[in-house]
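Trainee: Can you look at this prediction? I've put the sequence above it.
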Amino acid sequence: MDVSPEILKTLSDWFLRSLSPLAEPRRAAESSLADAAEQPGFSLAVLRLVSEPAANEQIRLAAAVHFKNHLRSRWPSSSPSTIPDAEKTLIKDRIVALMLSSSSLIRSQLSESLSIVSSHDFPQFWPTLLPELVSSLRSETDYAKINGLLGAANSIFSKFRHSFDTSPLRLDLKYCLDGFAAPLLEIFLKTSQIISGGIASGSASPDALRPLFESQRLCCEIFYSLNSIELPEFFEDHMREWMSEFLNYLTNSYPPTVEADGTVDALRSAICENLQLYMEKNEEEFKDYLKDFAAAVWNLLLTQASSPSRDQLTITAIRFLTTVSTSVHHSLFGSPETLQQICQRIVFPNIHLRDDDEELFEMNYVEYIRRDIEGSDVDTRRRIACELLKGLAVNYKEQVMSFVSAQIQNMLSLYSANQQENWKEKDAAIYLVISLATKAGGGVVGTQLVDVGSFFTSFVVPELRRQGVKECAILQASTLKFFTVFREQIPKHTTIALLPDVINFLRASSNVVHSYAANCIEKLLLVKDRPPLHASDAKIIALPPRYGAADINPYLATLFKNLFEALQLPDSKENHYIMKCIMRVLGAADVSGDVAKQCIGCLVSVLAEVCKNPINPAFNHYLFEAIAALIRRTCEKDPSFISVFEAALFPGLEKILSENVTEFWPYAFQIFAQLVEMSRPPLSHNYMELFKILLMLETWKRSANVPALVRLLQAYLQKVPNSELNNEGRLSQVLGIFKMLVSAANTEDLGFYVLNTVVENLDFDLIGQYISHIWVTLFTRLQNRHTTKFVNSLVVFMSLVLIKHGPAVLVESINSVQANIFLSILLKFWIPNLKLISGSLEVKLTSVASTRLICESPTLLDVSAVELWGTMLDSIISLLTRPEQFVADLEDEVGDAPETAGYSASFARLYNTGKNEDDPLKETKDPKEFVIKTLAGLSAHTPGRYPAIIEKFVDPINQNALSHLCATYGCAII
């Protein structure tokens, strides 16, 4: 790579300054690197610096990291600034050799770079990669470099684990198997021999053995990837060789000095994952080896060890046994003695808290909660042990439940004998009850292990009543978790009596305890009183909340005081459980007067802090939901309070916009929309100034803001008088926004929201001059891209125009674009798509509009249009008689905060701002009744005409449905 010394020196200086703790030189260096990245040859120059042995190692590592990130953003051909093909070729030619010659830290970064490139180019555009890896693997003797090669191969092949099974993927897999399956077995067996020889002779030190075991682990991970889709022929032919070595590593014990660092257990864990894979996908071919492996894994679990990887090994080993327990080979564990041994020697020991659990509870409450109540992807010993119990219970339920019930009683007896010393026994008992609970009808959680009411009264309530006992923090958290899980089964009077105790737990110094208390209160407010369900019940069941404003208002002052004070506790300043609880309470309680002022003051203060550095998306989402809930609940009772909220919120919201806190822009626009919707015209000067900014196309450039901006624009269109909208070209600007939105596939539905709001709220005298331009825009888009989604939106819009201004305006305005185009639109789009419309308001709107069209429009009533008339009626009947899906009453009205991989500005709807849906047909309660009575009225004017049309053009099934509807509403089509 021919790069001048001057360029290398400049790059070195930039990378050195990019590591500075001082913001100014660091940002200047980052800016210089960003500018240089636009120049041809930049990636090769950085790679040259990475390979420069004379350069500082820290600078080379920074360059390697930058090179990796540069490839990630610019290697894809779809990237706006993709790397030139000539540079790509040179990078691919040199990266493997450079990776092998680099230090371990740099090698790791280059290995990731190689994975990025291979994810786009391998194998089709990088046919030399696999042969180069195999050649280097066979010739290399340094295991540090061998492991670098295997690590790169592992990254490349990992796509077979996660990608959807397709024909192209199988072709790639075949290519990889043909080139790598045999070399993989070669290196695996070769390394096994080296390990065996070194152990037997005693000549190999732990330091020498470590990279060998690491190599075997990487081989096992590659084994998993290459076997993920199906059992390849090569691996089936060589299964005995692989399985023999796997069994050796599971059954052999090594000197404590070798086992100590966890490398051997990490290898065993990878082997258990491979056994799990074969049990799931290749059970028939694997069955001859199963008994030996089950015994080996069993014995491994009974062997005491303290290596860093023992936890992961325990989890993968128990997961394998769980899979066996639910398979056709479950009889391996079927004897009462075996079941008892599994429970006593494997499951129950792993249920108890360990020192590292206590440390996690104290030092990293976020991770503790994530593992304990959020069902994270990270399995724990406790969770996987309970999964084994559930697996065994599939075939041996009575025996397993008997063992577990006895164990729970034993644990509780030990606790009762010495509560101070044996509190972990009670914690384990509670954990068992919770983990083995099952969901019954209606989502109610139950258990066969204990009587929930009795257990709650005897063992949970006493802990809830014990306040301020710091030593029992974990036990308090467990009892709060029990209360939360079994909340449906706890009687209302019991819950209300305990509510002050739970509220007091919000003051606990333990982050886990006050988080669990907040979570408990939040979940209690979601409980519904569920009546017995019967087949004849209505399709939509509105379940009343068990706990309403009357239940929580007596505790409101203390509750809010403790919640907002909890946000001041160490490490809980952005505790999203606390903020979610605040949001839920505000949505359920009657908040007014001084309490509302106190709440908005606290929330605005929190908002000002998080604006400085938005790092917790969940917390911030619930913060804005809480603000929206407070506005909604307070102003519903006292509209005059809107001025209080405006005064409190405007400075903060304006700061978000002026200081470019872009992460919060979608939220700010939604809050503005809520405030505008609740305001009474005329709107204040501040609102009208914001309206000017809203109408500028520049405002709409950030895609994450667009849904919120549409909501805000709709609010203005509803509140600003027609005369003001006609001033200063505002309506023209609005329609320009509509045209921009409807022209893009990802915002076309938002364009229709704007257009629908224009038609609903503006007089035709005002929009009439633009209507032809609107149709031209829509039909041009229709000609270029007529997706179902777009056509359905168009049908809804045409229906709205008809409802607001009559069939004549609709037909004439469309035909003004091109003579008689309306009938063509009707035939090609309206009639076929009518039956595909969804949404209760949309179904009512389109069915009523379509009925009025065939009953009022001279175009459709003409004798030449009888076929169109009949097929339109057929679509109307199909739409109205379509099977209606059951709509469940969801417990969690406000969904969990959207998860984001990093922190970027993205749109998330605020539930508490309400739905901006107006029914243009409020007077029409039942669209079916409207259709039938309107048709009956039409047929009465020309008896005998329409039955013949119906018989000829309406589907027989729909004819029967029409007859049934006529009978239901006491009408006849004559």
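Mentor: Received it, and whenever you're ready, just let me know what you need. Numbering: from 1, shown residues only.

Trainee: for the host helix or strand of Thr191, which positions count as buried?
Mentor: Using DSSP states H and E, Thr191 falls within helix 167-201. By neighbour count on 16 or more other CB atoms under 10 Å, the buried set for helix 167-201 is 172-173, 176-177, 180-181, 183-185, 187-189, 191-192, 194-195, 198. All C-beta spots, glycine's among them, are computed from the backbone N, C-alpha and C.

Trainee: swap in stretch 334-349?
Mentor: In stretch 334-349, the ones that count as buried by 16+ other CB under 10 Å are Leu339, Ile342, Cys343, Ile346, Val347, Phe348, Pro349.

Trainee: Can you name the residues in contact with that stretch?
Mentor: 298, 301-302, 318, 321, 332-333, 385-386, 388-389, 392, 395-396, 399-400, 403-404, 407, 428 (CB atoms under 8 Å, 6 or more residues apart in numbering).

Trainee: thinking again about what came up before, list just the nearest of the buried residues of stretch 334-349 to Glu842.
Mentor: Of all these, Glu842 sits closest to Val347, with 53.4 Å by CB to CB.

Trainee: and that closest one, what pLDDT?
Mentor: With respect to pLDDT, Val347 has a value of 93.

Trainee: And for it, nearest residue in space, chain neighbours not counted?
Mentor: Taking CB to CB, 6 or more residues apart in numbering, and ignoring the residues beside it in sequence, Val347 has Ala385 as its nearest neighbour in space, at 4.6 Å.

Trainee: can you pull the contacts of that neighbour?
Mentor: Ile318, Ile346, Val347, Phe348, Asn350, Ile351.

Trainee: what's the distance between the strand or helix carrying it and the middle of its chain?
Mentor: Element membership for Ala385, per DSSP H and E: helix 381-417. Helix 381-417 sits 33 Å away from the centroid of its parent chain (CA atoms, centre = their mean, to the nearest Å).

Trainee: ok now the helix or strand following that helix, how far from the chain's centre?
Mentor: Counting by DSSP H and E, the next helix or strand C-terminal to helix 381-417 is helix 423-435. With CA atoms, centre = their mean as the basis, helix 423-435 stands 30 Å off its chain's centre.

Trainee: just to revisit the earlier point, need the buried residues of stretch 334-349 in JSON lines (columns: distance to Leu33 and secondary structure).
Mentor: Shown next, in JSON lines, are those (distance: CB to CB, whole Å; DSSP: H, G, I helix; E, B strand; the rest coil):
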{"residue": "Leu339", "distance to Leu33": "63", "secondary structure": "helix"}
{"residue": "Ile342", "distance to Leu33": "58", "secondary structure": "helix"}
{"residue": "Cys343", "distance to Leu33": "59", "secondary structure": "helix"}
{"residue": "Ile346", "distance to Leu33": "54", "secondary structure": "helix"}
{"residue": "Val347", "distance to Leu33": "54", "secondary structure": "helix"}
{"residue": "Phe348", "distance to Leu33": "57", "secondary structure": "helix"}
{"residue": "Pro349", "distance to Leu33": "54", "secondary structure": "helix"}
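
Trainee: ok, of the residues you listed, which one's closest to Pro123?
Mentor: Nearest to Pro123 among the buried residues of stretch 334-349, with distances taken as CB to CB, is Ile346, at 43.8 Å.

Trainee: so how far is Phe333 from that closest one?
Mentor: Going from Ile346 to Phe333 by CB to CB, to the nearest Å gives 11 Å.

Trainee: Next, the buried residues of stretch 44-60.
Mentor: Buried, per 16+ other CB under 10 Å, within stretch 44-60: Leu44, Ala45, Val46, Leu47, Arg48, Leu49, Val50, Ser51, Glu52, Ala55, Ile59, Arg60.

Trainee: How far away from the center of its chain is stretch 345-361?
Mentor: Distance of stretch 345-361 from its chain centroid, counting by CA atoms, centre = their mean, is 30 Å.

Trainee: now swap in stretch 23-42 and tell me
Mentor: Counting by CA atoms, centre = their mean, stretch 23-42 comes out at 34 Å from the chain centroid.

Trainee: Show me the contact partners of it.
Mentor: By CB under 8 Å, 6+ apart, the surrounding residues in contact with stretch 23-42 are 3, 11, 13-20, 66, 70, 74, 81, 84, 87.

Trainee: which among those end up buried?
Mentor: Val3, Leu11, Trp14, Phe15, Arg17, Ser18, His66, His70, Arg74, Glu87.

Trainee: Could you pull up the residues touching Trp830?
Mentor: Going by CB under 8 Å, 6+ apart, the list of residues near Trp830 reads Val795, Met798, Ser850, Met872.
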